[in-house]
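Peer 1: Here you go, sequence then predicted model.
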Amino acid sequence: MRTTYYLFILALLVVLPANAQKQTPPKGGEPKGFTLPEKEVISYDNGLELVLVPYGSIPKATINITIKTGNIHEKENQVWVSDLLADLMEEGSTSDYSEKDKLAGMGGNLNIGVGTHTSTLSTNVLAEFAPEALKVLSDVLVSPELPEAELERLKNNMKRNITVSLSRPGTQARKDFFPSCIKIIPTEDYIQPSRW
């Protein structure tokens with residue numbers, strides 16, 4: 001009797017998944033139409049290119065300044081110098097009033113990021129402040145203050161972030177899987193994980 005019961009259960013386990021696989025999935029819906037907005041490209045004599053793309057209905061302007069330089073241009077003894085420079089640039093320019101406060105008053109904030117091949121300054125502000133926000137970003141780009149008094153604090157922040165990052169399983173796996181890409185380089189000031 002017990003053997004018959006087990007055979008019945010086994011037969012159900014084999015037959016039910018086979019029937020479930022034969023069901024046809026529901027038909028997908030029709031794709032919605034999408035048209036890209038027209039963009040306006042303005043090229044200047046100095047090689048600068050301005051691209052204007054209207055998008056959405058919220059009266060905000062997104063301004064991105066992208067520079068073709070990044071971590072790839074660092075030498076072996078300069079690992080993370082670009083990131084440290086970006087952190088220093090976020091401290092503001094030589095003008096009297098903080099750029100972060102200026103952009104906050106316009107409904108935005110200052111973002112500076114460094115990637116492998118590019119560095120980016122960006123902000124999102126209310127559209128009416130777009131020309132003024134562009135001036136603030138260009139001021140940070142052309143004449144950053146780079147306050148020496150903040151350097152030690154920013155290095156300590158970087159040390160802490162590196163330590164936290166190296167304690168995470170994902171970073172540890174990348175470090176072990178790509179040993180030539182992520183290595184620890186001790187310097188006199190702080191420990192740097194090398195990217196390349």
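Peer 2: Noted; the coordinates are in hand.
Peer 1: Please enumerate the strands of this protein.
Peer 2: 40-43, 49-52, 60-67, 111-114, 119-126, 183-186, 191-194 (DSSP state E).
Peer 1: how many neighbours does P25 have?
Peer 2: 5 (other C-beta atoms under 10 Å). From N, CA and C alone the C-beta is placed, and that goes for glycine too.
Peer 1: ugh, wrong one, I meant M106
Peer 2: The number of residues near M106, taken as other C-beta under 10 Å, comes to 19.
Peer 1: just L141 next, same as before
Peer 2: Residues contacting L141 under the criterion other C-beta under 10 Å number 15.
Peer 1: Name the nearest residue to it, sequence neighbours excluded.
Peer 2: L121 (5.8 Å; C-beta to C-beta, 6 or more residues apart in numbering).
Peer 1: which intervals of this structure have sub-threshold pLDDT?
Peer 2: 1-2, 5-8, 10-22, 96-97, 179-196 (pLDDT under 70).
Peer 1: For the residue positioned nearest the centre of it, which residues count as its bridge partners?
Peer 2: By C-alpha atoms, centre = their mean, the chain has its centre lying nearest to G113, at 6.9 Å. For G113, the beta-bridge partners under DSSP bridges are T120.
Peer 1: Tell me who's in contact with it.
Peer 2: Contacts for G113 were tallied using C-beta atoms under 8 Å, 6 or more residues apart in numbering; they are A86, S119, T120, S122.
Peer 1: top of those by neighbour count?
Peer 2: Greatest neighbour count in those, by other C-beta under 10 Å, goes to S119: 22 neighbours.
Peer 1: do you know how far the spatially closest residue to that residue that is not a sequence neighbour is from D87?
Peer 2: Setting aside the residues directly before and after it, S119 is nearest to I67 in space (C-beta to C-beta, 6+ apart), at 4.8 Å. For I67, the distance to D87 equals 16 Å [C-beta to C-beta, to the nearest Å].
Peer 1: Settle it for me: which of those two has more neighbours?
Peer 2: Taking neighbours as other C-beta under 10 Å, I67 and D87 compare with D87 leading, 19 against 11.
Peer 1: can I get the CA coordinates of stretch 34-50 in CSV?
Peer 2: Extracted in CSV, the C-alpha atoms of stretch 34-50 (Å, rounded to 0.1, in the frame of the first residue of the first chain):
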residue,chain,number,x,y,z
PHE,A,34,8.2,57.0,-28.9
THR,A,35,9.8,59.8,-30.7
LEU,A,36,13.1,61.4,-29.7
PRO,A,37,12.9,65.1,-29.1
GLU,A,38,14.7,67.4,-31.6
LYS,A,39,18.1,68.4,-30.4
GLU,A,40,19.9,71.6,-31.1
VAL,A,41,23.7,71.4,-31.4
ILE,A,42,25.8,74.6,-31.3
SER,A,43,29.5,74.3,-32.1
TYR,A,44,31.9,77.1,-31.0
ASP,A,45,35.2,78.2,-32.5
ASN,A,46,37.2,76.9,-29.5
GLY,A,47,35.9,73.3,-30.0
LEU,A,48,33.2,73.4,-27.3
GLU,A,49,29.9,71.8,-28.3
LEU,A,50,26.6,72.7,-26.7
